[in-house]
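Enquirer: give the three-dimensional model of this entry:
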Amino acid sequence: MNLSTKQEQLALEIAHALGDMESLQVHRKFVSTYSEDYLRNKLTKALAIPESQIRKSRGALYTSLVVGYKHNNGR
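Expert: Numbering: from 1, shown residues only. Alright, predicted model coming up:
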């Protein structure tokens with residue numbers, strides 16, 4: 001994946017803000033797929049949620065906000 005310097009910096013910034021450096025490849029994929037404004041909006045939302053209300057991790061919450069959550073109800 002060939003990212004611009006700006007995209008790489010954004011991926012690093014997001015991963016660092018979320019304390020999610022182990023998922024840097026995922027963040028790189030996101031910056032190559034989605035607009036910076038969209039990702040920053042989702043990052044702001046993920047960072048605004050109190051830690052006590054996060055089930056898995058802030059990184060997982062951010063990912064679900066970016067890609068959306070589809071609830072199937074077993075159908």
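Enquirer: the helix or strand harbouring residue 62: how far from the chain's middle?
Expert: Taking DSSP states H and E as the definition, residue 62 sits inside helix 58-67. Taking CA atoms, centre = their mean, to the nearest Å, one finds helix 58-67 lying 5 Å from the centre of the chain it belongs to.
Enquirer: same check, this time on stretch 12-26
Expert: Relative to the centre of its chain, stretch 12-26 is centred 8 Å away, using CA atoms, centre = their mean.
Enquirer: with stretch 32-51 instead?
Expert: For stretch 32-51, the distance to the chain centre is 6 Å (CA atoms, centre = their mean).
Enquirer: before we move on, back to that, buried sites along the helix holding residue 62?
Expert: Burial within helix 58-67, assessed by neighbour count using 16 or more other CB atoms under 10 Å, is assigned to 58, 59, 61, 62, 63, 65, 66. (Each C-beta comes from the backbone N, C-alpha and C, glycine too.)
Enquirer: which other residues reach it?
Expert: By CB atoms under 8 Å, 6 or more residues apart in numbering, the residues outside helix 58-67 that reach it are 14-15, 18-20, 23, 26, 30, 34, 38-39, 42-43, 45-47, 49, 51, 54-55.
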